[in-house]
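Enquirer: kindly generate the corresponding structure for this input.
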Amino acid sequence: MTALKEARYCGQTWYDDYVAGFASRIPNPNRWTPRHLRRVTPIKLVEMTAGGTWKQCAAALGISVTAAGTSFVVLRRQIAGTGLWPQFESIVEQLANSLDQTRRRTDYARRRRALHDWEIPVDHWQAICTDVYQAGPYLGPQDPAIGTALIRAEATQAEHLHSPRLTKLRHQEASAARALKNKIALFRTPATRTGANLTIRNRISKYAHALAARCDADTEPTLDIAELQPWEPESRGRRRRPQPETQP
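Expert: Modelled structure (predicted):
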């Protein structure tokens, strides 16, 4: 296993198939527990298969050692005295064995290189947000930087919090980085992952999947937005966006 080619964040499929059951056994978990587990899983994966300390493995993956250390501390505190840590290591070993048997492995490093400076075209982001019924204060298309961060994170299986765009903003203008982080949270927090936000997230996933395929084929990471539409299959029960009333 080549560490640099691995994902920097435990993908949803890996998490659902291997880690979610373990997470349900952790006493007193909170909403951040899955994030910590998804962060440390690839680190343990590389540690088991390639050797080295967790700090060396995190650095090899390009994961912030500070963030990784926080996750290890939090998880060890949560499961202290339960004897669950060996179970977690066993689960990671099962994942490693499964990956070793996979003939066609995704080269996430190739995706990261291809998308390092990528930003979603404004018209593509507008297309993702178009015809989505949105109630409340968040009307209309949001900041395209949201799409750039979330699409890149999904395509590369990395944390959006450490995306090139956010990392650069933190060094240039911390307040702008915090503002973008808060905007992205509207599409990440389970409580807000409903209605229009859920529709946009599903469209983001569709876009990210197509973009990742371009990277895997070693071609230019550009898409024809028309090829992704219609976003959702038409159905009789589909909720239509309300039309504004006209004056008689």
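Enquirer: going forward, measure contacts and count neighbours with C-alpha atoms only.
Expert: Fine.
Enquirer: packing partners of the helix or strand where N97 lies?
Expert: Using DSSP states H and E, N97 sits in helix 85-100. Helices and strands touching helix 85-100, by 3 or more C-alpha pairs under 8 Å, 6 or more residues apart in numbering; DSSP states H and E, are helix 33-50.
Enquirer: ok so, going back, gap between the next helix or strand after the helix holding N97 and the chain center?
Expert: Beyond helix 85-100 in the direction of the C-terminus, DSSP H and E gives the next helix or strand as helix 108-114. Centroid separation between helix 108-114 and its chain, computed with C-alpha atoms, centre = their mean, to the nearest Å, is 15 Å.
Enquirer: can you give me the buried ones in helix 108-114?
Expert: Y108, A109, R110, R111, R112, A114 (16 or more other C-alpha atoms under 10 Å).
Enquirer: tell me the helix or strand right after the lowest-mean-pLDDT helix or strand in the chain.
Expert: Using mean pLDDT, DSSP states H and E, helix 12-14 stands out as the lowest-scoring helix or strand of the chain, at a mean of 81. Of the helices and strands lying after helix 12-14 in sequence (DSSP H and E), the nearest is helix 20-23.
Enquirer: can I get that following helix in CSV? Just the C-alpha atoms.
Expert: Presented in CSV, the C-alpha positions along helix 20-23 are these (Å, rounded to 0.1, in the frame of the first residue of the first chain):
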residue,chain,number,x,y,z
ALA,A,20,-20.2,2.7,11.8
GLY,A,21,-20.9,-0.4,13.8
PHE,A,22,-17.9,0.3,16.0
ALA,A,23,-19.0,4.0,16.4
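Enquirer: I would like the residues contacting stretch 106-113, please.
Expert: Where contact means C-alpha atoms under 8 Å, 6 or more residues apart in numbering, the residues beyond stretch 106-113 that reach it are L4, K5, E6, A7, A155, T156, Q157, A212, C215, D216.
Enquirer: could you redo the last one with a cut-off of 6 Å?
Expert: K5, E6, A7, T156, C215 (C-alpha atoms under 6 Å, 6 or more residues apart in numbering).
Enquirer: who wins on neighbours among those residues?
Expert: The most crowded member of the contacts of stretch 106-113 is T156, carrying 31 neighbours; neighbours defined as other C-alpha atoms under 10 Å.
Enquirer: now do it, the pLDDT please.
Expert: T156 is assigned 88 on the pLDDT scale.
Enquirer: please name the residues that touch it.
Expert: So T156 contacts Y108, R111, R112 (C-alpha under 6 Å, 6+ apart).
Enquirer: got the domain ranges for this protein?
Expert: Under the assignment automatic domain parsing, the domains of the chain span 3-105, 109-228.
Enquirer: endpoint to endpoint, the last one covers what distance?
Expert: It stands for domain 109-228. From its first residue to its last, domain 109-228 covers 25 Å (C-alpha to C-alpha, to the nearest Å).
Enquirer: that one: how far from the chain's middle?
Expert: Counting by C-alpha atoms, centre = their mean, domain 109-228 comes out at 10 Å from the chain centroid.
Enquirer: same check, this time on stretch 51-64
Expert: Taking C-alpha atoms, centre = their mean, one finds stretch 51-64 lying 19 Å from the centre of the chain it belongs to.
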